[in-house]
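Novice: here you go, sequence then predicted model.
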Protein chains: 2
Amino acid sequence: MGLVEDLQAAVGAGNVLTGPDSARYARDWMGRYEGQPVAVARPGSTAEVAACVKIAARHGVPVVPISGNTGLVGGTMTTGGLMLTLERMNRIREVKRDSRLVIAEAGVILTRLHEAAEAEGLYFPLWFGARGSAMLGGVLSTNAGGSNVLRYGSTRGLCLGLEVVLADGRMLNLMSELHKDNSGYDLKNLFIGAEGTLGIITAAVMKLVPAPKAHATATVAVRSLTDALTLLNRMQEATGNRVEAFEFMPRTYSERLREARPDLGLPFDPIPEVTILIEAATTVPTEAIPDDAGEIPLVTTLETILAELMEAGLVTDAVLARNEQQRRAMWERREAAAEISVGLHPEVDTDVCLPLDKVEPFLAEALRRLDALDPGARTLTVAHLGDGNLHFTAYPTRDEARLKDKVMETVEDVVAELGGSFSAEHGVGLSKLNSMARRKDPVALDVMRALKAALDPDNRMNPGKVIPG
Amino acid sequence: MGLVEDLQAAVGAGNVLTGPDSARYARDWMGRYEGQPVAVARPGSTAEVAACVKIAARHGVPVVPISGNTGLVGGTMTTGGLMLTLERMNRIREVKRDSRLVIAEAGVILTRLHEAAEAEGLYFPLWFGARGSAMLGGVLSTNAGGSNVLRYGSTRGLCLGLEVVLADGRMLNLMSELHKDNSGYDLKNLFIGAEGTLGIITAAVMKLVPAPKAHATATVAVRSLTDALTLLNRMQEATGNRVEAFEFMPRTYSERLREARPDLGLPFDPIPEVTILIEAATTVPTEAIPDDAGEIPLVTTLETILAELMEAGLVTDAVLARNEQQRRAMWERREAAAEISVGLHPEVDTDVCLPLDKVEPFLAEALRRLDALDPGARTLTVAHLGDGNLHFTAYPTRDEARLKDKVMETVEDVVAELGGSFSAEHGVGLSKLNSMARRKDPVALDVMRALKAALDPDNRMNPGKVIPG
């Protein structure tokens, strides 16, 4: 039998898509990558994933997993491969309230995890704009970050256990619910962030945290990034690290936001050089219950610090969210980032990480060198400043591959000089392969190749991604 | 030239020890394992470690790293191998106060890291009894735990970057200082906890945290483990997870402590079934500064909760540490654990992890089955209860290998039935090889073997450890 017939026998005829039916999987959401899978299969269980992987092996066809198709690096592009969409594996197997964890399949959308946690008085802390589409499997495969990493860590730090289908179709059961386990090598972290190149994640045990009882959220205009870090450190000290998000939007971002989404409004006029969205949260009743004057202590703490920093001239303006609606409005302006930054062309997209005290020197130097290289080029930056993670996008004046390459290299030169990384949270996929080849320690690349060959000797698991050829 | 001559040329004649000079490395501190290394070399730099590894390769000799020799599982035992002691690599390369990290070599003793952090107003949160001898390299290679894992995570969670010498003598540079880095596979976590079987850790970047400004510490007698967990949850809720340690000492522990270390005294008479050491800490000035009545708010919080639980009959007695001396005395009684539990023979030592709500059922069932198997056998338990991590030691009535094996299997049966792990924080080494063979998912073992073969094809890095043959 042919590949498609074998797949149909394994997962049902209605769950094997080819031709036009497979188009929406073949193209990434930004329209940057368009492939041509030989078929798209929709397995409904771990056993069916394993069956599909074995069938692909028999036919000598590569296997490329896809979850919510919200990735930014072309990690699911394939021409000639079998795509496995995890969308039917969307069961939340169990929420354990007392142990504060959720056991869920790879196709569960993040928003559903948020809702399931909330129903138990808990919170699933992975939070970013695409949460309404992104699925757990993709989030684990890319070690996704987002706005709350500062407080709760990235996906890796939230994962207790994993279930993985290996290249040979065997199931690896690492579904631990324990907080300590030193029984051999840390296999879990090897598959997290491997982008499907070592195996296919089919389920996971994820930590939940107590639901915040109150938030303190403000949009703040500060003079400089150095002054912004003073605000962060003051708030961390006063609350004992209860800051959950510390987001940076420079003037160029606010300008583009006004242009693309005038409906969202802007908090400050004129637009300041540096706008910060700061949010702290507490689970402690005494920090969350309004006092006689109707003030929530956590909000008062933030208000006091903002007043002091305004007095000192570091903060030039600030707006506190007085209710959930105002809080959501502040977040909408931040979460429009992906929407307002794609669609401008030509573009050179980066996702870099720097030591916190190197963010300001990075921006100064990158803008200086870009201006020398391509006068008139625009840029757009938005950053998880609390993690040193910048989404720095340049829009060169000409759509020339050589110029775009040069722009990328220039930005990455500055990142490397300052001890940063060219990939913070989006992963490598196809779009960062050149950067991997140019920037990564050659010994580290060799070790990655050795690991890949050991676990996928026929190079059939999402081949051509992550590791440069 | 012979091996010894080659080593002498590489690291200096004074740094190659053989015969009686090497005896103190050949025998572990408990006297359970005694090997016979062909030589012990003391490299003084990463380059010298690499040179030694290459020399060993040329002579076809295995390489076994050793740090502070405080391990509990025979992880450094070798007969015929070359031991590399990291003790001369004891430089703290840099403490970065603003970035809250320390860059240190593998031979730095933990106490020195504590002192170096303290000098900058910071804290290195890895804390256990052997901290005056244990070295950073060993702590990373075993993913050591200790008393503060509840708050700060295990060694893995504190490590930002690593430097590793591979089996082929090449140096792998993963010395990142970043909190986000998705540039390829997570190699760092593969070497952490691998016990030297994949390479030799020579240096690391470790996180520091703000130094606590105040502690609230108490020794508490509670009726049951279930009641103890109520105390933990109440204190976590009231402080927003500022509990740093939650240690469990059952009646048998207190009795053995009175017998072996009468000088340390006991807080309660008669000895209660369950004694808990609880400690919270805060970095927030307003939670640490005594009020008009001289009370520290964090201590008052603990005192209030203890009073409420006494009123409710869950807590039967409690002593608060009123000063640092009283606090240290409480910790001494807990940290005497290793000292008072070795030396009794015959013994069967375990280091198990359970879901928190399964600790009480585990103890009941394990004691029941042991009593059936070997009536009269004693046990000694001490636990990082906040992590579900028990050091459960049985002392069978007869020194027979078959009986001891059966005792171990019986304990591990109960652990497995309750979803736990047979190795929580001590690692595998030699002593848990049988458990790995019996308990670990066979697919996971195969994956470990594939990784080991990929990175150490000649099986020369600490061979025979971690992975059963």
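Specialist: Noted; the coordinates are in hand.

Novice: so which residues of the stretch 351-469 of chain A form strands?
Specialist: A:352-353, A:378-384, A:389-395 (DSSP state E, counting those that start in this stretch).

Novice: residue A:38: which of those strands is closest?
Specialist: Closest to residue A:38 of the strands of the stretch 351-469 of chain A is strand A:389-395 (CB to CB; 33.8 Å). C-beta here means a position set from N, CA and C on the backbone, and glycine is covered the same way.

Novice: note down every partner strand of the closest one and its orientation.
Specialist: Strand A:389-395 sits in its sheet next to strand A:348-349 (antiparallel), strand A:352-353 (antiparallel), strand A:378-384 (antiparallel), going by DSSP bridges.

Novice: got a markdown table for the strands of the stretch 351-469 of chain A, with mean neighbour count and mean pLDDT too?
Specialist: Below are those laid out as a markdown table (neighbours: other CB atoms under 10 Å in any protein chain shown; pLDDT from 0 to 100):
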| stretch | mean neighbour count | mean pLDDT |
| --- | --- | --- |
| strand A:352-353 | 28 | 98 |
| strand A:378-384 | 23 | 95 |
| strand A:389-395 | 23 | 95 |
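
Novice: could you redo those as TSV and give each row distance to residue A:156?
Specialist: TSV is the format used below for the strands of the stretch 351-469 of chain A (distance: least, CB to CB, whole Å):
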stretch	distance to residue A:156
strand A:352-353	14
strand A:378-384	16
strand A:389-395	15
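
Novice: closest to residue B:196 out of those strands?
Specialist: Set against residue B:196 and scored by CB to CB, those come closest in strand A:352-353, at 29.8 Å.

Novice: hmm, back to that, looking at the strands of the stretch 351-469 of chain A, spot the one closest to residue A:461.
Specialist: The minimum distance between residue A:461 and the strands of the stretch 351-469 of chain A falls on strand A:352-353, with 26.4 Å, by CB to CB.

Novice: so what touches the closest one?
Specialist: Outside strand A:352-353, the residues that touch it by CB atoms under 8 Å, 6 or more residues apart in numbering or on different chains are A:362, A:387-390, A:392, A:411-412, A:415, A:420-425, B:178-181.

Novice: show me the contacts for residue A:37.
Specialist: Residues in contact with residue A:37, defined by CB under 8 Å, 6+ apart, are A:22, A:25, A:26, A:64, A:78, A:79, A:80, A:81, A:82, A:83.

Novice: out of those, flag the one nearest to chain B.
Specialist: Closest approach to chain B among the contacts of residue A:37 (CB to the nearest CB): residue A:64, at 17.8 Å.

Novice: count residues in the vicinity of the closest one, would you?
Specialist: Other residues lying near residue A:64 total 31 when counted by other CB atoms under 10 Å in any protein chain shown.

Novice: so it sits in a helix?
Specialist: No: counting by DSSP: H, G, I helix; E, B strand; the rest coil, residue A:64 falls outside a helix, being strand.

Novice: thought residue A:81 was touching it, still the case?
Specialist: Yes: the pair residue A:64 / residue A:81 is scored as a contact, 4.6 Å apart, by CB atoms under 8 Å.

Novice: joint contacts of these two?
Specialist: With CB under 8 Å, 6+ apart, residue A:64 and residue A:81 have common neighbours A:37, A:462.

Novice: how close does the most far-flung residue of chain A relative to its centre get to chain B?
Specialist: Most distant residue from the mean C-alpha position of chain A: residue A:292, 41.0 Å away (CA atoms, centre = their mean). Look at residue A:292 and chain B: by CB to the nearest CB, to the nearest Å, they are 19 Å apart.

Novice: and what of residue A:405?
Specialist: For residue A:405, the distance to chain B equals 18 Å [CB to the nearest CB].

Novice: just give the nearest non-adjacent residue to that residue, would you?
Specialist: Closest residue to residue A:405 apart from its sequence neighbours, by CB to CB, 6 or more residues apart in numbering or on different chains: residue A:434 at 7.7 Å.

Novice: the one you found: neighbour count?
Specialist: 15.

Novice: ok, it to chain B distance?
Specialist: From residue A:434 across to chain B, the span is 12 Å (CB to the nearest CB).

Novice: ok now do that residue, which residues does it touch?
Specialist: Residue A:434 neighbours (CB under 8 Å, 6+ apart): A:405, A:408, A:468.

Novice: select only the buried ones of those in ChimeraX?
Specialist: ChimeraX command restricting the contacts of residue A:434 to the buried ones, with burial defined by 16 or more other CB atoms under 10 Å in any protein chain shown:
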select /A:408,468
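
Novice: as TSV, the contacts of residue A:434 with pLDDT would be great.
Specialist: Compiled in TSV, the contacts of residue A:434 are given as follows (pLDDT from 0 to 100):
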residue	pLDDT
A:405	93
A:408	95
A:468	97
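
Novice: not counting its neighbours along the chain, what's nearest the residue of the stretch 151-300 of chain A found nearest chain B?
Specialist: In the stretch 151-300 of chain A, the residue that lies nearest chain B is residue A:189 (3.9 Å; CB to the nearest CB). Nearest non-adjacent residue to residue A:189, counting by CB to CB, 6+ apart: residue B:189, 3.9 Å away.

Novice: what do you get for residue A:119?
Specialist: The shortest distance from residue A:119 to any non-neighbouring residue, by CB to CB, 6+ apart, is to residue A:95 (7.6 Å).

Novice: which SSE is that neighbour in?
Specialist: Using DSSP states H and E, residue A:95 falls within strand A:92-96.

Novice: quick one: strands adjacent to that strand?
Specialist: strand A:101-105 (antiparallel).

Novice: continuing past the strand it pairs with, what's the next helix or strand?
Specialist: Next along from strand A:101-105, by DSSP H and E: helix A:110-118.

Novice: specify the angle between that following helix and strand A:92-96 in degrees.
Specialist: Here the directions of helix A:110-118 and strand A:92-96 differ by 30 degrees (axes from the mean of the first three to the mean of the last three CA atoms, to 10 degrees).
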